[in-house]
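Peer 1: show me how the following folds:
(2 chains)
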Amino acid sequence: MCVRCAMSRRSLLVGGGVAAASLATGVAGARILPRDMVPLIGPGFKPTDTDEIGLWGLMDRVEEEISGSNLLIKDPEIVSYLQEIIGRVGGPAAKDMRIYLAHVPDFNAMMFPSGFSVVFSGLLLRMRNEAQLAGVIAHESGHFLRRHMIRSWRDQKRKSDLFAIGAMVAGVAGAGAGVYLGDYVQLAQLATILSLFQYSRAMEAEADAMGARLISEAGYPPIEMANVWEQLIGEENASARYRRKRRERGSLFDTHPSPESRMADLRISAQEVTVPGKTYDNGRARYLKTIAPIRRMLLDDQVRLNDPGASQYLLNTLALDGWNGTLRYYEGEVWRLRNRAGDEARAAQSYAVAVAYPDAPPEAWRSHGLELIKQGRGGEGKAALSRYLQMKPAAPDAPFIRQMIS
Amino acid sequence: MRRIGIALALALSVAGSGCVQTRQYADVQFTPPRGDYRLLVMRPDVNVNALTTGGVAQPRADWTEQARNNIIQALRAQQGDLGGKVLVLSRRNELTGISADEVADLERLHFAVAQSIALHKYSGESLPTKYGKGLDYTLGEDAVALGRRTGYDYALFVYAEDNIASTGRTALQVLGVAGCFIGFCAPSGGSNQFAYASLVDLRTGEVVWFNVLQTGSQLPGVTFGDIRNQQGAAQMVERLLGRMKAGREIRKAQAAAEKK
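Peer 2: Alright, predicted model coming up:
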């Protein structure tokens, strides 16, 4: 149960291979209303049914592995900040859920059946304020509060049982009567697989509606959840455009509704849950202050993905809140790494602008200095490089740079 | 009578895939440990699932817990008979002076190596560089360090899984085999087991011996032990570890010695 993931689609398809008949899932395509989304569990929930106990037992071991993984970012301030947010938007289970931050430069977050959540570091780069982050975390809480994992697990079991029995009966009866029903069995199998995906999409829609309600109750502007999707659509379009491709379109085999439909639904839901006269706080200042220590690392990770379209889009989106030296430096890095005709001049310009800001990272001075030397402005270039050495005397390449300017 | 005879023959051929299979690989210089050796058995990874009618493996916490205890007991008994000094870990933090994180790291490293062994030794993706070399994998310095700090000679990693057919699954199997009488044979798998064991020499860090066990049958009701009871667990441990063969070079030397 993640915000958006390709993995679960693959596993569903594999699972679907052994799975079942019946189109009647009872899930309609209409928008799910936030007011219908009541939590299905209370505080301190513990499973009582055999299948759920089994699932939790397995998940305890998964959590043991994840919590000890060296992929986790363990910065205590950021981790407790995330824990605080899930405590605010976690509804009745606020105190029961755990959250881990994984160092993966990608937009994703997921909730596991036993109530622990994993957030990818790429999400922290993309969120513009605390409300957006809270929206994603609330969506994940929604999965847990609405018991989605056990419900979809049971759905999968039920359908695979039905299909297995149906196929067997059709085969045996068909053989007895002398007709071949194999085509019908295949049709039923496809129907089963499709209905599994439909169920999965319905649950994502539920989690969105539940999330909107949760963040609104916690005092965050609910419209920020829709903004997250707007940003994601923009990023994916920009990324595809650079690669001269089109963004992937929705299909019957999607586990999640399309970003467009989620954005549209979330806009309406946001209006519904907004209480007139209530003041909402998007917590932007607090958010930026908390992630400041790792923001450069996040930008570094993104730029190195070598996805200039997405990186450019992200930088421009973050810059809507104001350009600074760090963002300008990474803008230069995107050009430099893309390395098409004219990109070096663009990069040089970005570095030059970056060093005009007080927060320019040391590396901006280095890149600026190197570009100046290439342009034949040796004196200015050396001055910039000295500035780099002054800011970062123990840099790995310091001896090399020192030799250059001596 | 004749008809039943044919059905039986059919059913038997159907069950052809149903059996107990093991396949072991060893370092060419491997001699099974005997006598005075110290063996550390890492926390066994045990899973017991119920197999639903549709074939989905449903994890069962109570069965898993029971089976884990049985496997640990069976390992103690089996290794005790060989004369070695054995410690079976049931948690990661039971070694004095070694943190649970360090144990976890080694377990994860081993898992990655075991995946590689599974892929290149068992799944047919054999590597030309490893051809004819027996088992040629190592956990490296981390394993040697563990041996040095704890004084153990070997570490054993064990994974065991038992999938138990539910009543619905068994009924489906019966139906599938019964269909053979009227010309629709659709046998499906029932209870099955999968396990592997991997022995690491902590003095060199090398994986010196590896064995995979699989059991299963398409005949309804036929099982090959059930690790939820002690007898079944002992049976699995015996199948997995009981017939540890020496490496190729050692066996050659032994055969040559016998000829003389």
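Peer 1: could you double-check that B:Asn93 lies in contact with B:Asp101?
Peer 2: No - B:Asn93 is beyond contact range of B:Asp101, at 9.3 Å (criterion: Cβ atoms under 8 Å). Any C-beta I mention is one placed from the backbone N, CA and C, and that applies to glycine too.
Peer 1: how about the residues of chain A near chain B?
Peer 2: A:15, A:18-20, A:50-51, A:53-58, A:64-65, A:68, A:156-157, A:159-165, A:167-169, A:171-172, A:174-176 (Cβ under 8 Å from any Cβ of the partner chain).
Peer 1: among these, which ones are buried?
Peer 2: Buried members of the residues of chain A next to chain B, scored by 16 or more other Cβ atoms under 10 Å in any protein chain shown, are A:15, A:18-20, A:51, A:53-58, A:68, A:156-157, A:159-165, A:167-168, A:171-172, A:174-175.
Peer 1: now, which of the residues of chain A next to chain B lie within strands?
Peer 2: Secondary structure defined by DSSP state E assigns none of the residues of chain A next to chain B to strands.
Peer 1: could you list the buried residues of the host helix or strand of A:Glu236?
Peer 2: Using DSSP states H and E, A:Glu236 sits within helix A:223-242. The neighbour-count check on helix A:223-242 (16+ other Cβ under 10 Å) flags A:223-229, A:231-236, A:238-239, A:242 as buried.
Peer 1: who touches that helix?
Peer 2: With contact meaning Cβ atoms under 8 Å, 6 or more residues apart in numbering or on different chains, helix A:223-242 is reached by A:4, A:107, A:126-129, A:131-132, A:134-136, A:138-139, A:208, A:211-212, A:215, A:246-248, A:259-260, A:262-263, A:266-267, A:269-270, A:274, A:282, A:307-310, A:312-314, A:317.
Peer 1: nearest to chain B among the buried residues of helix A:223-242?
Peer 2: Comparing these against chain B with Cβ to the nearest Cβ picks out A:Ser239 as the nearest, at 31.5 Å.
Peer 1: after the helix holding A:Glu236, which helix or strand is next?
Peer 2: Per DSSP H and E, the first helix or strand lying C-terminal to helix A:223-242 is helix A:259-273.
Peer 1: for that next one, which outside residues touch it?
Peer 2: Contacts of helix A:259-273 (Cβ under 8 Å, 6+ apart): A:4, A:31-35, A:204-205, A:208-209, A:212-213, A:216-217, A:221-223, A:225-226, A:229-230, A:232-233, A:236, A:250, A:256-257.
Peer 1: next, the angle from that helix to helix A:223-242.
Peer 2: 160 degrees (axes from the mean of the first three to the mean of the last three Cα atoms, to 10 degrees).
Peer 1: quick check: mean pLDDT across helix A:259-273?
Peer 2: Helix A:259-273 carries an average pLDDT of 89.
Peer 1: list the helices and strands the next helix or strand after it packs on?
Peer 2: Next helix or strand after helix A:259-273 toward the C-terminus (DSSP H and E): helix A:284-303. Where contact means 3 or more Cβ pairs under 8 Å, 6 or more residues apart in numbering or on different chains; DSSP states H and E, helix A:284-303 is packed against helix A:76-89, helix A:121-126, helix A:130-145, helix A:308-318, helix A:325-338.
Peer 1: do a quick rundown of the helices in the stretch 1-150 of chain B.
Peer 2: With DSSP state H, counting those that start in this stretch applied, the stretch 1-150 of chain B shows helices at B:2-14, B:61-80, B:100-117, B:141-150, listed in chain order.
Peer 1: deepest in the core, which of the ones you listed is it.
Peer 2: Mean neighbours per residue, mean count of other Cβ atoms under 10 Å in any protein chain shown, is largest over the helices of the stretch 1-150 of chain B for helix B:61-80, with a mean of 19.
Peer 1: and the residue nearest to A:Val119 when sequence neighbours are not counted, what is it in contact with?
Peer 2: Excluding the flanking residues, the one nearest A:Val119 by Cβ to Cβ, 6 or more residues apart in numbering or on different chains is A:Ala109, at 4.5 Å. By Cβ under 8 Å, 6+ apart, A:Ala109 lies in contact with A:2-3, A:117-120, A:123, A:136-137, A:139-140.
Peer 1: residues of chain B that sit close to chain A?
Peer 2: Contact residues, chain B versus chain A (Cβ under 8 Å from any Cβ): B:47, B:49-50, B:52-56, B:58-62, B:64-65, B:100-101, B:104, B:108, B:168, B:172, B:175-176, B:178-179, B:182-184, B:186, B:188.
Peer 1: separation between the residue of the stretch 151-300 of chain A found nearest chain B and B:Pro220?
Peer 2: Nearest residue of the stretch 151-300 of chain A to chain B: A:Ser160, at 2.8 Å (Cβ to the nearest Cβ). The spacing between A:Ser160 and B:Pro220, counted by Cβ to Cβ, to the nearest Å, is 19 Å.
Peer 1: so what's residue 88 scoring on pLDDT?
Peer 2: As the question left the chain open, I've gone with chain A. pLDDT recorded at A:Arg88 is 95.
Peer 1: not quite, go with chain B.
Peer 2: Reading off the model, B:Val88 has pLDDT 91.
Peer 1: specify the beta-bridge partners of it.
Peer 2: With DSSP bridges applied, B:Val88 shows beta-bridge pairing to B:Val41.
Peer 1: could you report the neighbour count for it?
Peer 2: Residues within reach of B:Val88, counting by other Cβ atoms under 10 Å in any protein chain shown, total 20.
Peer 1: do the same with the one 3 residues further on
Peer 2: Taking other Cβ under 10 Å as the neighbour definition, B:Arg91 ends up with a count of 9.
Peer 1: skipping adjacent residues, who's closest to it in space?
Peer 2: Per Cβ to Cβ, 6+ apart, closest to B:Arg91 is B:Arg43, 6.5 Å.
Peer 1: contacting residues around the one you found?
Peer 2: For B:Arg43, the contacting residues are B:89-92, B:103, B:107, by Cβ under 8 Å, 6+ apart.
Peer 1: could you list the low-confidence segments of chain B?
Peer 2: Counting by pLDDT under 70, chain B has low-confidence residues at B:1-18.
Peer 1: next, give phi and psi for the closest residue to chain A within it.
Peer 2: With Cβ to the nearest Cβ, the shortest gap between chain B and chain A falls at B:Gly54, namely 2.8 Å. The phi/psi pair for B:Gly54 (degrees, to the nearest 10) reads phi -80, psi 0.
Peer 1: tally up the residues packed near it, please.
Peer 2: Counted with other Cβ under 10 Å, B:Gly54 comes out at 25.
Peer 1: and for A:Pro358?
Peer 2: Other residues near A:Pro358 come to 7 when the count uses other Cβ under 10 Å.
Peer 1: what do you get for A:Pro393?
Peer 2: Neighbour count of A:Pro393, defined by other Cβ under 10 Å: 10.
Peer 1: that one and chain B, how far apart?
Peer 2: According to Cβ to the nearest Cβ, to the nearest Å, A:Pro393 and chain B sit 34 Å apart.
Peer 1: which other residues reach stretch A:128-137?
Peer 2: Against stretch A:128-137 from outside (Cβ under 8 Å, 6+ apart): A:3, A:82, A:85-86, A:88-89, A:99, A:109, A:117, A:119, A:123-124, A:127, A:211-212, A:215, A:218, A:220-222, A:224-225, A:227-228, A:231, A:280-284, A:286-288, A:317-318, A:320-321.
Peer 1: quick one: mean pLDDT for that stretch?
Peer 2: 95.
Peer 1: could I have the buried ones of the residues of chain B next to chain A as ChimeraX selection syntax?
Peer 2: With 16+ other Cβ under 10 Å as the criterion, this ChimeraX line picks the buried residues out of the residues of chain B next to chain A:
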select /B:47,49,50,52,53,54,55,56,58,59,60,61,64,104,168,172,175,176,178,179,184,186,188
